[in-house]
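[1] any chance you could fold what I've pasted below:
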Amino acid sequence: MKKIIIYCFDKWWHPVLFCVLTIGLLAISVFIPQELIQTIFLCLFFIGFLGLLFSIIYQLAKARWGAVIYTTGIIVISMICFMYYIGAMFWKIQDKPDTYADKLKIPTNIQIHQPNEQTKLDKTKETDFFIYASSQPGIYTYAVWTRKIEKGMTYLKAFEVTKNDPLSVDKLKERSIIEVNNPTDSIVKFGMKNNKEFIIDEGDWRKPYAARFELWFKPDNGGMERKLLEKNYKIHGWQR
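    Numbers count the residues shown, from 1 in each chain. From the prediction side, this is the model:
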């Protein structure tokens, strides 16, 4: 084993050559759809990068300053290439179409609303809520109108209409919280504060589908949470 290590690192260009080869494989992996091959090439790159770090330690011990400088330069180049790889893979993933809504049909036998424009002045005489289109398809806000209600918070749950799939389960409740408190019999509007928005992850901009939004209320006094209303909306998923 000792002889193998000496053979690999005694010539400083051995680990450099191997790392350069893995950089090339990493660049090729961006265009390969098989995730297993991508993972193998990425692991080889990390092995090559670690080889450079060990090589620097070895060359320092041997006081081979020129080799240290060359190897350090390759390490810097490797880090830059890896950052480009991360960026390329990120945009590749973002560009990958979301197939969630491919086979979904929007029912015609139920009432389905369109998200309102935020500039629209909505009015209602009863407890109600409105979903608003935001800066991009798949990103929304909402507001609640309610008469006498104890102090607490409202939040949303969402489900695809035809399959009843829950949508954005991990994020929607937390991102759609609105604090409410109305001791009067008059209708009062409550909205999301600090420009907060919520996102529907499933689907993308090209394929609209129908979702059932449920308005839930959680009182501050520890009472049971209860559903106040539900409405169907035609929505899009957020395309990252």
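[2] all contacts plus neighbour counts: C-alpha atoms, from now on.
    Will do.
[3] do you know how far N116 is from P166?
    Counting by Cα to Cα, to the nearest Å, the gap from N116 to P166 is 22 Å.
[4] cool, E225 as well?
    E225 is 18 Å from P166, where distance means Cα to Cα.
[5] same check, this time on C81
    Distance check for C81 against P166: by Cα to Cα, it reads 40 Å.
[6] what do you get for F46?
    Look at F46 and P166: by Cα to Cα, they are 39 Å apart.
[7] does K231 count as helix, strand or coil?
    Local secondary structure at K231 is given as strand here, using DSSP: H, G, I helix; E, B strand; the rest coil.
[8] A strand includes F41, no?
    No - note on F41: no strand contains this position according to three-state DSSP, which reports helix.
[9] what about it, how many residues close to it?
    20 (other Cα atoms under 10 Å).
[10] was I right about it contacting L25?
    Yes - applying Cα atoms under 8 Å as the test, F41 and L25 come out as touching, 5.9 Å apart.
[11] where does pLDDT dip in the chain?
    By pLDDT under 70, the low-scoring segments of the chain are 1-10, 12-13, 92-97, 118-121, 240.
[12] so which residues of it form helices?
    Counting by DSSP state H, one finds helices in the chain at the ranges 2-10, 13-29, 35-61, 65-95, 172-175.
[13] name all residues that make contact with D98.
    Under the criterion of Cα atoms under 8 Å, 6 or more residues apart in numbering, the neighbours of D98 are E202, G203, D204, Q239.
[14] F217 against L229, yeah?
    No - counting by Cα under 8 Å, F217 sits too far from L229 to count as a contact (9.7 Å).
[15] of those two, give the one with the bigger neighbour count.
    Counted by other Cα under 10 Å, F217 and L229 do not tie: F217 has more neighbours, with 25 against 14.
[16] roughly how far apart are the more buried one and E126?
    For F217, the distance to E126 equals 16 Å [Cα to Cα].
[17] cool, I149 as well?
    For I149, the distance to E126 (Cα to Cα) stands at 13 Å.
[18] cool, and K173?
    If you go by Cα to Cα, the gap between K173 and E126 works out to 23 Å.
[19] tell me which of these two has more neighbours.
    The residue with more neighbours, out of K173 and E126 and counting by other Cα under 10 Å, is K173; that gives 16 against 12.
[20] let me know whether that one touches P166 as I believe.
    No - using Cα under 8 Å, K173 is not in contact with P166, being 11.7 Å away.
[21] check the contact lists of those two and give me the overlap.
    Shared contacts of K173 and P166, defined by Cα under 8 Å, 6+ apart, are found at K157.
[22] per-domain residue ranges of this structure.
    By the record's domain assignment, the chain is partitioned as 2-95, 128-235 (automatic domain parsing).
[23] what is the end-to-end distance of the last one?
    If I follow you right, that is domain 128-235. For domain 128-235, the separation between the terminal residues is 19 Å (Cα to Cα).
[24] distance between it and the chain's centre?
    For domain 128-235, the distance from its own C-alpha centre to the chain's C-alpha centre is 20 Å (Cα atoms, centre = their mean, to the nearest Å).
[25] same deal with the shortest one?
    In terms of Cα atoms, centre = their mean, the centre of domain 2-95 is set 29 Å apart from its chain centre.
[26] what is the burial count for N194?
    Counted with other Cα under 10 Å, the burial measure for N194 works out to 6 neighbours.
[27] report the contact partners of P183.
    For P183, counting by Cα under 8 Å, 6+ apart, the contacting residues are R147, K148, I149, E150.
[28] so the closest residue in space to G191 that isn't next to it in sequence bridges to which residues?
    Beyond its immediate neighbours in the sequence, the residue positioned closest to G191 (Cα to Cα, 6 or more residues apart in numbering) is A143, lying 4.3 Å away. For A143, the residues forming beta bridges with it (DSSP bridges) are F130, G191.
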